[in-house]
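# Sequence plus predicted model, see below.
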2 protein chains.
Amino acid sequence: MSHTHPELGAPPALQPGALRVTPLGGLGEIGRNMTVFEYDGKLLVVDCGVLFPEDHQPGVDLILPDFESIRDRLDDIVGIVLTHGHEDHIGGVPYLLRERGDIPVIGSKLTLALVDSKLREHRLKDIPHYVVAAGDIEGFAPFECEFVAVNHSIPDALAVAIRTPAGTVVHTGDFKMDQLPLDGRITDLRAFARLGEAGVDLLLSDSTNSDVPGFTTTEREITPVLDRVFAASEQRIIVACFASHIHRVQQVLNAAVEHGRKVAYIGRSMVRNMAIARDLGYLQVPDGVLVDGRAIEDYRPDELVLVSTGSQGEPMSALARIANRDHDKVRIEPGDTVVLASSMIPGNENAVYRVINGLTRLGARVVHKGNALVHVSGHASAGELLYLYNIVRPDNVMPVHGETRHLHANAALAAATGVPAERVLIGEDGMVVDLRDGVARIVGQVDCGYVYVDGSTVGDITDSELKDRRILGEEGFISVIVVIDSTTGKIVSGPQIQARGFAEDDSVFNDIRPRLEEALELAVRDGVRDTYQLQQTIRRTIGRWVSGAHRRRPMIVPIVIEA
Amino acid sequence: MSHTHPELGAPPALQPGALRVTPLGGLGEIGRNMTVFEYDGKLLVVDCGVLFPEDHQPGVDLILPDFESIRDRLDDIVGIVLTHGHEDHIGGVPYLLRERGDIPVIGSKLTLALVDSKLREHRLKDIPHYVVAAGDIEGFAPFECEFVAVNHSIPDALAVAIRTPAGTVVHTGDFKMDQLPLDGRITDLRAFARLGEAGVDLLLSDSTNSDVPGFTTTEREITPVLDRVFAASEQRIIVACFASHIHRVQQVLNAAVEHGRKVAYIGRSMVRNMAIARDLGYLQVPDGVLVDGRAIEDYRPDELVLVSTGSQGEPMSALARIANRDHDKVRIEPGDTVVLASSMIPGNENAVYRVINGLTRLGARVVHKGNALVHVSGHASAGELLYLYNIVRPDNVMPVHGETRHLHANAALAAATGVPAERVLIGEDGMVVDLRDGVARIVGQVDCGYVYVDGSTVGDITDSELKDRRILGEEGFISVIVVIDSTTGKIVSGPQIQARGFAEDDSVFNDIRPRLEEALELAVRDGVRDTYQLQQTIRRTIGRWVSGAHRRRPMIVPIVIEA
């Protein structure tokens, strides 16, 4: 799918003194966030994330931003600024670094630690690192970056103000304005005010929750809920959450200590991330509370809390296996408690409900967002966005990070605070915006398709293969193989029918086989020698039969071999 | 998937004087509701619905209850009672009638009219009909049925009390207790009270909303919301809802009249159902308000309200095509309003959001459940279920109509009102319950698998084909065809590689083709003549390469032909 807007052409050459902003992902989707800033021949990239596929993109592992428009400009990139450590902001970094391995990677301590662990998995080494912190001002010429603390569902998140002679752009990254965050690190509204006073020419702001009225509830409100759940539990407790949600795990650790339980992590990414978070001081682990996940059988169920991945119902996760009675160490007994301390990402509902049903059937009490306050969002709701606009008072606004409905809702908020409607740009991936003389204008569009990662291959799978997969997945295929004599043109073997995903019993083909033989013999008798024409005969004969007699449309794969 | 409980065997012969209750669908899922009652050698069926497939059942159109356990008892069926006209209660009727065409079909006037229209599509004629109404007591020997008015998201819904010498069973069907229903037809709590006073031995009750606290909001509250939306709209208005939600359409008609607009139906099922509802007096259509859907271009956008199907984001629906700018008559302009007056069925979220995003992108304001009270559920929430239990005071309870999590929540409500825990049965599809001497007990289980309808075929697709489809859909396939000389065993043609859904560019096979040839030649040289063994050689060679070099697992289809 191309996001190219039909009315927009390629952008003109960038005028001297102007700043160009090109989002290559995250506008029109929740994920693969990436924005490219260009000034005076140099590029600065903010974020490089992945998007997770939907059901019409079967078998795809990840979707990347499209690097095509910067592929011949890689040497001009002065750095990649990463606002925080979530996959939709850092997951694409290894793929960009595969194309040029010495691009400096810039981010907070935790963000870069998570990137590092990812780069190691991809066997990428010796990447130049620049650790920055809130309040830092660093030059990546010709860009000057000032980093601002924001809170989100992962610690150490940063917004970034980018200064060039063309003006100042503020990119919020993902953020919310929790006024009582667990770690005391508030979104730095003083810094936003100071930036606003000095003049912000363009504000790019997180749209994820822009259609949610009011304010996102503080993380702190989860504490008493967990406390009540723990107090009421006399047997095993399992808490599932995102493996990057360090504050959520901190709350579970605190509750466990309070209720005299020990904690074991289940799931590779949970173990890895919590080790990083602890080593860097983002997670406070009281002495003696942690036990090894391999040793959980040494404890009674009421002595432990298991902190697990799998909150999205991922079929291979520990939690799904536990729900399916297929886990080697953990067996649910009536009276156990499972807490899903997470959101339900759209599209995952049925998978999550399958896990909840499985756990319920085994006798567990399942506590989730639908029946208790065990999750709050990491994104600013509409009320917080209004604060942002009123504090920053930007001259131009472009909502980022959201599906179309979110971008529009966020644009309406900006306009409501007094940003002139014509200065609120609703962009799309690949849309090119130039900031010149204090005015941001859409000037063109670059190609910005979906780039699919499947296994170890990038880009081999295109929308055409996905269409084939959708047909195969919904209808299966019928393959007919015929061998013809290359000199006489006579059929020497076949037609042989091979089908998958079509019918359990091959006898379903009994009535079409003779008709197929007849059609082929007739064609050969009529002098057809061309394999393409014989293939068409097969396709037509099978196609008519299957749509008439079965009202179905499997993929038909005719194979004519000359031997 | 079999729902057979490992610890339960086939049920014993039914004791004289006992009543047997066997749910064949609807327990462990939302859909394919069907319960079989047996007394004295005769069977009474309550409902016969379909289940809609989830994403792990690709390409399946419908899932039926499993008739296997009653297939040799069809002649004993005295009737099918249909509680209301929704697909998950009537959709399986044509498939049961295909097996025995003269089973009497029993239901309210509207329910039977909707069934009739369905039977005509299936070309089933002359089915015996018994129209019943709330308050009727009818004998279908040995069963006596009393019908009780309940309200739901379709008019004319009935609960049924079934009396035999073994006792009285009440089956609520789907219901809620809207105290101010639009048509004034309240759920008849006096009748439930009377039944309860006389003694209800077993109550089967709707679990769909049993995990929702409180009370379902009355339909009437939607009226002022629609009124405000209509008042604020200066251009086109489209309202999408379920084609069976006659009261919702009534509200739209009323609002249209109030605001001086005419109404056109879009979507075949909407047109058909509203004609039935009007003819039978369930829908009051003021004179002159309706215009033909083919004539909408004769009106200005601000003169019309379009009432459309497609509220679940179905890709072929009118609404999806409108969102995709692919509808021949309706084009969204900035300022238009679209109302999705419906729930979002789990699993449909992404499809619905795609439609919302498409409409938003074209400039429409989209009003939906997430931002306005334009939908209320048709099912009783926990608070209403408590009323039910306290009014009926049944001796035994079996929750029906729900996933496991709903059945458990409903069971907890029954127990909370004082039904002894051991008298609350949490069943599963196929579980056999005998009511004897006033006590209901689980006595065994019958086979009760999923029966898949795909196109015009029933049961051809099994879980094994669905597994193949899932692999094909996620990974595609690689087929390798080799022709060998049947006498010499030499390879005379191939290996030829055919792949679909694997890679856009066939050059991906350049490095494996010579290795494959080598492996085959080696095998032939080693004297392998067996086509199975050659197939294994192909499978192994391709399999290793694809998992090593690509980290993928497509289906491998080796075809060795002797010619």
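Noted; the coordinates are in hand.

# From now on I want contacts and neighbour counts done on CA atoms only, so please keep to that.
OK.

# need the contact list for residue A:431.
Counting by Cα atoms under 8 Å, 6 or more residues apart in numbering or on different chains, residue A:431 touches A:4, A:22-23, A:442-446.

# Closest to residue A:305 out of those residues?
Using Cα to Cα, residue A:23 is the member of the contacts of residue A:431 that lies nearest residue A:305, at 42.6 Å.

# hey, what's the residue nearest to that closest one when sequence neighbours are not counted bridged with?
Leaving aside its sequence neighbours, residue A:23 sits nearest to residue A:35 (Cα to Cα, 6 or more residues apart in numbering or on different chains; 4.1 Å). In this entry, residue A:35 is beta-bridged to residue A:23, residue A:46, by DSSP bridges.

# Run through the residues that contact residue A:35.
A:21-25, A:45-48 are the contacts of residue A:35 under Cα under 8 Å, 6+ apart.

# Same check on residue A:282?
Going by Cα under 8 Å, 6+ apart, residue A:282 touches A:155, A:246.

# how close does it get to residue A:489?
75 Å (Cα to Cα, to the nearest Å).

# Then residue A:281?
76 Å.

# who's more crowded, those two?
Taking neighbours as other Cα atoms under 10 Å in any protein chain shown, residue A:281 and residue A:489 compare with residue A:489 leading, 18 against 11.

# Looks like the more buried one contacts residue A:531 (just checking).
No. Using Cα atoms under 8 Å, residue A:489 makes no contact with residue A:531, being 9.5 Å away.

# Please parse chain A into its domains.
Using automatic domain parsing, the domain parsing of chain A gives A:19-214+A:377-455, A:219-368, A:463-562.

# Please identify the most buried of those.
domain A:19-214+A:377-455 (a mean of 21; mean count of other Cα atoms under 10 Å in any protein chain shown).

# Please tell me how far that one is from the chain's geometric centre.
With Cα atoms, centre = their mean, to the nearest Å as the basis, domain A:19-214+A:377-455 stands 15 Å off its chain's centre.

# Quick check: neighbours of the longest strand seen in chain A in the sheet, parallel or antiparallel?
Ranked by number of residues, the top strand in chain A under DSSP state E is strand A:491-500. Looking at strand A:491-500 with DSSP bridges, its partner strands are strand A:477-484 (antiparallel).

# So the closest residue to residue A:234 other than its chain neighbours versus chain B, what's the distance?
Nearest non-adjacent residue to residue A:234, counting by Cα to Cα, 6+ apart: residue A:302, 6.0 Å away. Note on residue A:302: its distance to chain B, by Cα to the nearest Cα, to the nearest Å, is 23 Å.

# wait, is residue A:302 part of a strand?
No. Read with DSSP: H, G, I helix; E, B strand; the rest coil, residue A:302 is helix and lies in no strand.

# Now for it: which residues touch it?
Residue A:302 touches A:234-237, A:261, counting by Cα under 8 Å, 6+ apart.

# Could you do residue A:252 as well?
By Cα under 8 Å, 6+ apart, the residues touching residue A:252 are A:226, A:239, A:307.

# Same check on residue A:357?
Residue A:357 sits next to B:403-405 when contact means Cα under 8 Å, 6+ apart.

# picking up where we left off before, and the contacts of residue A:431, which is closest to chain B?
residue A:4 (13.8 Å; Cα to the nearest Cα).
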